[in-house]
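Engineer: need a structure here:
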Amino acid sequence: MRLDENQRAFIGYLLSLAKEGKEDRGALAELRSGLGKAPGKMARVHKHVVPYLPEVHNNEHRWYYLIATLFGMHPKHKDPVHHESRGKKWKEVWTMGRAFRPLRAKSDSMEARFVALLNAHPDDLDSHLRHAVRLLKANEQPLDWFQLFKDLLQWDHPEGNVQLRWARDFYKSNIGETGSPTTTDDHPSLEKEDQHHE
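Structural biologist: Numbering: from 1, shown residues only. Reported below is the predicted structural model:
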């Protein structure tokens, strides 16, 4: 799945609020004001989200609000890492699992917290993600906000593709640590370089 033009514009707008040296602290505070609330109770968040919502109301709307509030809490973005070897180009996608990986060495409880996130029912995912993003912020670990949004839109996939990708990224060694780069075929979180970043 790729984000459509409007979805990419939404994340682009959020990133513009945290542009280095030009941060809109008021807007970020407004986004944070919605943390832990239902969309209908986020009066100060609507103006940042509503212009980007799909015309037809559906379950996706909640993910727009969740992403906006989480971004307000931790507006640190990580672009994909680009690789090239043997004439092939690809990018390492920075999933939640990849962002969480460095935390494993810091505490034994981090793995349990990550597993709880993977097992989260969609109705409980908001609180699990808030906790996870707080941990990432405390440890200065960035997120790829395009990728997180794309993953949330696919969270309900019956085969659990997102959860599997996050788990692989969490438990797998860093690319390049083994001395042999991982190709797109070997890793579900690598995408061919000629694809545009969402």
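
Engineer: mind checking which helix or strand the closest residue to residue 143 other than its chain neighbours is in?
Structural biologist: Nearest residue to residue 143 in three dimensions, chain neighbours excluded: residue 99, at 5.4 Å (C-beta to C-beta, 6 or more residues apart in numbering). Every residue, glycine included, has its C-beta placed from N, CA and C. For residue 99, the element it lies in under DSSP states H and E is helix 96-100.

Engineer: need the next SSE after that helix, C-terminal direction.
Structural biologist: Going down the chain from helix 96-100, the next helix or strand is helix 109-118, by DSSP H and E.

Engineer: Report the mean per-residue pLDDT for that following helix.
Structural biologist: What helix 109-118 shows for mean pLDDT is 94.

Engineer: same thing with stretch 36-47?
Structural biologist: In this model, stretch 36-47 carries a mean pLDDT of 95.

Engineer: go on, stretch 121-141?
Structural biologist: Averaged across stretch 121-141, pLDDT comes to 94.

Engineer: tell me which residues in that stretch are buried?
Structural biologist: Within stretch 121-141, the residues scored as buried using 16 or more other C-beta atoms under 10 Å are 125-126, 128-130, 132-133, 135-137, 141.

Engineer: what comes into contact with it?
Structural biologist: 35-36, 62, 66, 70, 73-74, 76, 96, 99-100, 102-103, 106, 110, 113-114, 116-117, 120, 142-143, 152, 155-156 (C-beta atoms under 8 Å, 6 or more residues apart in numbering).

Engineer: hey, where'd the strands end up in this structure?
Structural biologist: Ranges of strands within the chain are 81-85, 88-92, 190-192, based on DSSP state E.

Engineer: gap between the first one and the chain center?
Structural biologist: Translated: strand 81-85. Here the centre of strand 81-85 is set off from its chain's centre by 21 Å, with C-alpha atoms, centre = their mean, to the nearest Å.
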